[in-house]
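**Q** Structure of the sequence below:
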Amino acid sequence: MTVTLCSIMLVAFFAVMIFVGFYTRKHATDVNGFVLGGRSVGPWLTAFAFGTSYFSAVIFVGYAGQFGWNFGLASTWAGLGNAFIGSLLAWNVLGRRTRVMTQHIDAKTMPDFFGKRFKSTPLKVAASVIVFIFLIPYTASLYNGLSSLFGLVFDIPYWVVIVVMAVLTGIYVIFGGYMATAINDFIQGIIMLFGICAVIGAVLVDNGGLVEATKTLSGVTGDAGWQGAYTAFLGPDPLALLFVVMLTSLGTWGLPQMVGKFYAIKSEKDIHKGTIISTVFAIIVAGGCYFLGGFGRLYSDKIAINEATGKPLFDTIIPTMLSTLPALVIAVVIVLVLSASMSTLSSLVLTSSSTFTLDVIKPASKKEMTEKKQVNIMRLFIVFFILVSAVIAIFKDAHPEVTFIAQMMGVSWGALAGAFLAPFLYGLYWKGVTKAATVVCFVWGCGIAVIQLIVTLAGVDVTSWGTILGYIFKSSINSGVIAMVGGLIIVPIVSLFTKKQKEDELDELFDCYDEKTEVPVKEHLK
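**A** Numbers count the residues shown, from 1 in each chain. Now for the predicted structure:
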């Protein structure tokens, strides 16, 4: 029954995704249409595209299970942080100014923004290289958790799941570009909204209801060592929880695939609508995922344990919670997680391919490249990036002893946000930001990530580094937050002591924010 139901829903889901790809191919004939949907995407599609790119299977399966286990119901704060900092505040602070300036300077990608904002081609290329290096492993991480979920229903190898997801995502992105991803993101977002509500309800009912489930959880001592830790307001480790909230919420401000959604929205007035829609979506999806994960310890006797560390296999926590639910709910979850993963994957590969084509290949080309040729090159790179991410994911699953890949995935988010957040944010608001400060921030963000990678791979005992340094490099979450916050401090300080841009260049750049109002001559005061 479960297999049949899941199969029917998956076939219908895949058919819709492919149909949308073919239907929207007319919007993907030139670079502007392929990368940004012609900058004519409405608030609903943009808001859902933002939300579905934000929340993938990594959130639902990995983070919800891991942080729910570590912090209990307090992990819900991570979801609320994603909603109010990662969505509401991001749209209010970045939305309008990003849309206006990127259109004014005709920037189509984040590296393109840096190149034109600071009049520097090398800066654009450097940003493109950072995106290429750190976005690929992040893309590969999207497949995490799919094997354990599909294992609930289908007796098929993990690599088959990865290949099917990669191929189908590639088809609709290659044909329809940004518009196909936006429409499919909207459909996938609807599935995620209803899916997460259904799953939470089913899990609570399975544990006797909200009150009974919470009462049972309050009696768990676990690793915290004190009763009620996992139902406490801030959980057993408030400082660690704060770092999680900051990385997963503030980090989105510096991620190219997230900020790129503001480039494509139709008009300034749509940003207000998009803000509300995106925030509500995040409250339900992110808040719901982490809230669900908070009850993970109720299933501690069923969850698989990592024999090397003695800790649970976090990617198995959510699937274990779902294993006893009705067939319909499991089918909904399969489609939900697949929707979350495919929407984020499509956004990432489109960002990677457009960045590499427009910011590296095109400037390096000695011949003039037509719009059609640029679009075709982007399509080739979409195939390349999807193929590479799928191969990495399959290789990682087959060789778990190769820890480099997993750790690279872990530092990717912090590296990108640490390098880009501060110069992008300040660059939208402040004329005083300098090219030198941007370069220093690039080095800072990537440098922290590389140090974290070496520390983790080499198994360095960071406790001997002192209390502060030891805590920073204790995990990629902590070092990622320091990379972001440090960038916000470094950029203004370095800018004060380095060469400024020409005044006329800055005036021309920021002229786009000056609203111009036309009035009849007879009403004009001379």
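**Q** Poorly predicted segments of this protein, please.
**A** Across the chain, the ranges flagged by pLDDT under 70 are 1, 144-148, 152, 308, 401-406, 515-526.
**Q** show me what contacts the residue positioned nearest the centre of the chain?
**A** Residue closest to the average C-alpha location in the chain (Cα atoms, centre = their mean): Tyr54, at 3.9 Å. Residues near Tyr54 by Cβ atoms under 8 Å, 6 or more residues apart in numbering: Asn82, Gly86, Ser87, Thr252, Met258, Ala282, Ala286, Thr344. Just so you know, the C-beta spots here come from the backbone N, C-alpha and C atoms, and that holds for glycine as well.
**Q** And for Gly310, the neighbour number?
**A** By other Cβ atoms under 10 Å, 7 other residues sit near Gly310.
**Q** for Asp112, same thing?
**A** Neighbour tally, Asp112, other Cβ under 10 Å: 23.
**Q** element containing it?
**A** helix 110-117 (DSSP states H and E).
**Q** Surely Leu345 is in contact with Phe385?
**A** No - with contact defined as Cβ atoms under 8 Å, Leu345 does not reach Phe385; the gap is 9.4 Å.
**Q** Which of these two has more residues huddled nearby?
**A** Leu345 (28 against 25).
**Q** how far away is that one from Ser352?
**A** 11 Å (Cβ to Cβ, to the nearest Å).
**Q** Find the residues that touch each one of the two.
**A** Thr139.
**Q** ok so, going back, who touches both of Leu345 and Phe385?
**A** Thr139.
**Q** re the thing from before, packing partners of the following helix or strand past the helix holding Asp112?
**A** As assigned by DSSP H and E, the chain's next helix or strand after helix 110-117 is helix 121-140. With contacts taken as 3 or more Cβ pairs under 8 Å, 6 or more residues apart in numbering; DSSP states H and E, helix 121-140 sits against helix 110-117, helix 256-264, helix 327-356, helix 362-364, helix 371-398, helix 403-429, helix 435-458.
**Q** repeat that for 6 Å
**A** helix 110-117, helix 327-356, helix 371-398, helix 403-429 (3 or more Cβ pairs under 6 Å, 6 or more residues apart in numbering; DSSP states H and E).
**Q** Out of these, the one nearest Ala198 is which?
**A** Closest to Ala198 of these is helix 327-356 (Cβ to Cβ; 5.5 Å).
**Q** Mind listing what's buried along the closest one?
**A** The neighbour-count check on helix 327-356 (16 or more other Cβ atoms under 10 Å) flags 329-356 as buried.
**Q** do stretch 457-467 as well
**A** By neighbour count on 16+ other Cβ under 10 Å, the buried set for stretch 457-467 is Val462.
**Q** can you offset everything so residue one is 756?
**A** I'll keep to 756 as the first residue from here, and by that count the last item is stretch 1212-1222.
**Q** so how far does it reach from one end to the other?
**A** 21 Å (Cα to Cα, to the nearest Å).
**Q** Find out how far it is from the centre of the chain, if you would.
**A** 29 Å (Cα atoms, centre = their mean, to the nearest Å).
**Q** what does stretch 874-889 give?
**A** With Cα atoms, centre = their mean, you get 19 Å for stretch 874-889.
**Q** List the buried residues of that stretch.
**A** In stretch 874-889, counting by 16+ other Cβ under 10 Å, buried: Ser875, Leu878, Lys879, Val880, Ala881, Ala882, Ser883, Val884, Ile885, Val886, Phe887, Phe889.
**Q** separation between the nearest residue in space to the fifth one that is not next to it in sequence and Leu849?
**A** Closest residue in space to Ala881, ignoring its immediate chain neighbours: Phe1197 at 6.1 Å, by Cβ to Cβ, 6 or more residues apart in numbering. Computed with Cβ to Cβ, the distance linking Phe1197 and Leu849 is 19 Å.
**Q** same check, this time on Val790
**A** 18 Å.
**Q** Between those two, which has more neighbouring residues?
**A** Val790 (28 against 22).
**Q** and the angle for the strand or helix carrying Val918 with helix 1126-1153?
**A** Under the criterion of DSSP H and E, Val918 resides in helix 913-961. In terms of direction (axes from the mean of the first three to the mean of the last three Cα atoms, to 10 degrees), helix 913-961 departs from helix 1126-1153 by 70 degrees.
**Q** tell me what helix 913-961 is packed against?
**A** Checking 3+ Cβ pairs under 6 Å, 6+ apart, helix 913-961 ends up next to helix 757-778, helix 786-791, helix 798-809, helix 901-905, helix 1024-1048, helix 1082-1111, helix 1126-1153.
**Q** Quick check: which of the ones you listed is buried the most?
**A** Mean neighbour count (mean count of other Cβ atoms under 10 Å) peaks for helix 798-809 among the helices and strands packed on helix 913-961, with a mean of 27.
**Q** which residues touch the spatially closest residue to Pro993 that is not a sequence neighbour?
**A** Distances taken as Cβ to Cβ, 6+ apart place Ala829 nearest to Pro993, at 7.9 Å, with adjacent residues excluded. Contacts for Ala829 (Cβ atoms under 6 Å, 6 or more residues apart in numbering) come out as Leu989, Gly990, Leu996.
**Q** related to what we said a few turns ago, tabulate the helices and strands packed on helix 876-895 in TSV, adding columns for distance to Ile1032.
**A** Below are the helices and strands packed on helix 876-895 laid out as TSV (distance: least, Cβ to Cβ, whole Å):
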stretch	distance to Ile1032
helix 865-872	23
helix 1082-1111	15
helix 1126-1153	27
helix 1158-1184	22
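**Q** quick one: which of these is nearest Ser1234?
**A** helix 1158-1184 (6.1 Å).
**Q** Three-state assignment for Gly990, please.
**A** coil (DSSP: H, G, I helix; E, B strand; the rest coil).
**Q** Run a quick neighbour tally on it.
**A** Gly990, neighbours per other Cβ under 10 Å, totals 22.
**Q** Next: the one 3 residues further on.
**A** Around Pro993 sit 13 other residues, with neighbours defined as other Cβ under 10 Å.
**Q** repeat for Ile1245
**A** Neighbour number of Ile1245 under other Cβ under 10 Å is 18.
**Q** Surely it is within a helix?
**A** Yes - membership of Ile1245 in a helix is supported by three-state DSSP.
**Q** dump the residue contacts of it.
**A** Cys1196, Trp1199.
**Q** one more time with 7 Å
**A** Ala1177, Val1195, Cys1196, Trp1199 (Cβ atoms under 7 Å, 6 or more residues apart in numbering).
**Q** now do Ile1058
**A** Contacts of Ile1058 by Cβ under 7 Å, 6+ apart are Pro1067, Thr1071, Ile1072, Thr1075.
**Q** Just the ones in helices from those residues, please.
**A** In helices, defined here by DSSP state H, the members of the contacts of Ile1058 are Ile1072, Thr1075.
**Q** between the contacts of Ile1058, which is nearest Asp1152?
**A** When those are compared against Asp1152 (criterion: Cβ to Cβ), the nearest one is Thr1071, at 13.6 Å.
**Q** Tell me if I'm right that that closest one and Ala1059 touch.
**A** Yes - contact criterion Cβ atoms under 7 Å: Thr1071 and Ala1059 qualify, at 4.8 Å.
**Q** Which of the two has more residues huddled nearby?
**A** Comparing Thr1071 with Ala1059 by neighbour count (other Cβ under 10 Å), the higher total belongs to Thr1071, at 23 against 14.
**Q** Quick check: the gap between that one and Asn1061.
**A** Separation of Thr1071 from Asn1061 (Cβ to Cβ) stands at 10 Å.
**Q** Also Gly974?
**A** Note on Gly974: its distance to Asn1061, by Cβ to Cβ, is 25 Å.
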